[in-house]
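S.K.: can't give you the sequence, but here's the structure:
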């Protein structure tokens, strides 16, 4: 099996394995105790904290260890919001944050707080000018880089705009790979993303930031995170972080070249594919592309059978029927998404094998649809023809992603250029995918209308004008 899902969790770094084994022997005791084995565990814990703090550009006493990156985000957000409740209860975050941010924001809103979501452009980069602070803004949240498409965010620009308002930066995808951006007030990370063991998260809170834990008081981890700390795992996490930072410059350049190879070759090899995310300001190891007329879950299963472990940048699957909030916010396809995130040491031969098998697998998944697909990289479409009064109504009610788009693609040729196709659909993903399909195929999206205008009792009508 070739593993291409480091963004979910990276393989344990060899240095982390060695450090973990050693710390299990030397650091198993309670670091809060004064006897020798306790003091030994405390020395190991302190050294690990100093290592992590140095990489983050923080003081050691600003760093606390949690059980996960998700817990770090939740405790960080809730603690900062509670600490600044006299200022106000307004929370600001980008539209493409990790679900840990979204769920915490939902909890805050349900408790009477207010939340505003900042939009992103088609590359997934947050619109800095839309970070609209208010007098009652208590906290702003922005990821360092997106977990689904790899786009690196303008953290320093947003931090400057925030001024005195604390900015929490979720740096889970970038710590260990890229320099930590400046301007943060709170920062979170997760060890298993950089090659450390699972079960170790990091919450850093700058001195001077008002922070009040929402949990009962506990003397451990600066009062921010209650409970016993896993010293061996923390030691291994710090050792892995130190190792990957030392290797980062050379390894990033190598992985960047491999990802660039994928970004270039996939659209050449597979018709109707869009590579998403910023092509320049991106993580060096991550790439996501969207295949029209393909269920992402089906394609992932076929890739798994072919020996490749990848993930989908979309959760638009038969089990959830919910499109990815990241891809939806970007305005790109939420169907048929594949995310590759290369771990350290990925061989060029593995990438070439992937590129060799992908076209056949996509073609096999699409074959039952009977679509007449153009060759990759088609020539630009001709100018739009004058509109005609031909309208074709397609009933896709009750059909789930990506079937409404497939129906549109198969039958748009039944109207002359300038004619209109109306797709009736009640699947939420259609609202995202039909405009994205029009942008990819250079057709004109005319917007949506009530389905009742076309005799349907539910759903919406999506109007498309055929250009060519």
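M.R.: Done, it's in. Remember, predicted model here, so these are calculated numbers, not experimental data.
S.K.: just the helices in the protein please.
M.R.: Using DSSP state H, the helices of the chain run over 14-26, 36-56, 69-83, 99-110, 155-162, 231-269, 296-305, 325-330, 348-366, 403-411, 430-441.
S.K.: with mean pLDDT, mean neighbour count and distance to residue 287 added, can I get those helices in TSV?
M.R.: Using the backbone N, CA and C atoms, a C-beta is placed for each residue, glycine as well. Shown next, in TSV, are those (pLDDT from 0 to 100; neighbours: other Cβ atoms under 10 Å; distance: least, Cβ to Cβ, whole Å):
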stretch	mean pLDDT	mean neighbour count	distance to residue 287
helix 14-26	96	17	26
helix 36-56	96	18	25
helix 69-83	97	24	22
helix 99-110	97	17	21
helix 155-162	96	18	21
helix 231-269	96	19	5
helix 296-305	92	17	14
helix 325-330	93	24	14
helix 348-366	96	16	10
helix 403-411	88	21	23
helix 430-441	86	22	17
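S.K.: what's the closest of these to residue 91?
M.R.: Closest approach to residue 91 among the helices of the chain is made by helix 99-110 (5.6 Å; Cβ to Cβ).
S.K.: between the closest one and helix 69-83, how many degrees?
M.R.: Taking axes from the mean of the first three to the mean of the last three Cα atoms, to 10 degrees, one finds that helix 99-110 is oriented at 30 degrees with respect to helix 69-83.
S.K.: what helices or strands is helix 99-110 leaning on?
M.R.: helix 69-83, strand 90-94, strand 114-118 (3 or more Cβ pairs under 8 Å, 6 or more residues apart in numbering; DSSP states H and E).
S.K.: recalculate using a threshold of 10 Å.
M.R.: Packed against helix 99-110, as judged by 3 or more Cβ pairs under 10 Å, 6 or more residues apart in numbering; DSSP states H and E, are the following elements: helix 69-83, strand 90-94, strand 114-118, strand 137-143, strand 167-170, strand 186-190, helix 325-330.
S.K.: can these go into JSON lines with extra columns for distance to residue 156?
M.R.: Below are the helices and strands packed on helix 99-110 laid out as JSON lines (distance: least, Cβ to Cβ, whole Å):
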{"stretch": "helix 69-83", "distance to residue 156": "19"}
{"stretch": "strand 90-94", "distance to residue 156": "15"}
{"stretch": "strand 114-118", "distance to residue 156": "16"}
{"stretch": "strand 137-143", "distance to residue 156": "10"}
{"stretch": "strand 167-170", "distance to residue 156": "10"}
{"stretch": "strand 186-190", "distance to residue 156": "13"}
{"stretch": "helix 325-330", "distance to residue 156": "22"}
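S.K.: and of the ones you listed, who's closest to residue 127?
M.R.: So among the helices and strands packed on helix 99-110, strand 114-118 is nearest, using Cβ to Cβ, at 6.5 Å.
S.K.: for that closest one, name the packing helices and strands.
M.R.: strand 90-94, helix 99-110, strand 137-143, helix 325-330.
S.K.: how about those in CSV, adding distance to residue 267?
M.R.: Shown next, in CSV, are the helices and strands packed on strand 114-118 (distance: least, Cβ to Cβ, whole Å):
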stretch, distance to residue 267
strand 90-94, 27
helix 99-110, 29
strand 137-143, 27
helix 325-330, 17
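S.K.: with respect to residue 251, which of the ones you listed lies nearest?
M.R.: The nearest among the helices and strands packed on strand 114-118, by Cβ to Cβ, is strand 137-143 at 21.9 Å.
S.K.: picking up where we left off before, quick one, which of the helices and strands packed on helix 99-110 is nearest to residue 103?
M.R.: helix 69-83 (7.8 Å).
S.K.: against which helices or strands is the closest one packed?
M.R.: strand 63-66, strand 90-94, helix 99-110, strand 137-143, strand 167-170, strand 186-190, strand 201-205.
S.K.: okay then, goodbye and thanks.
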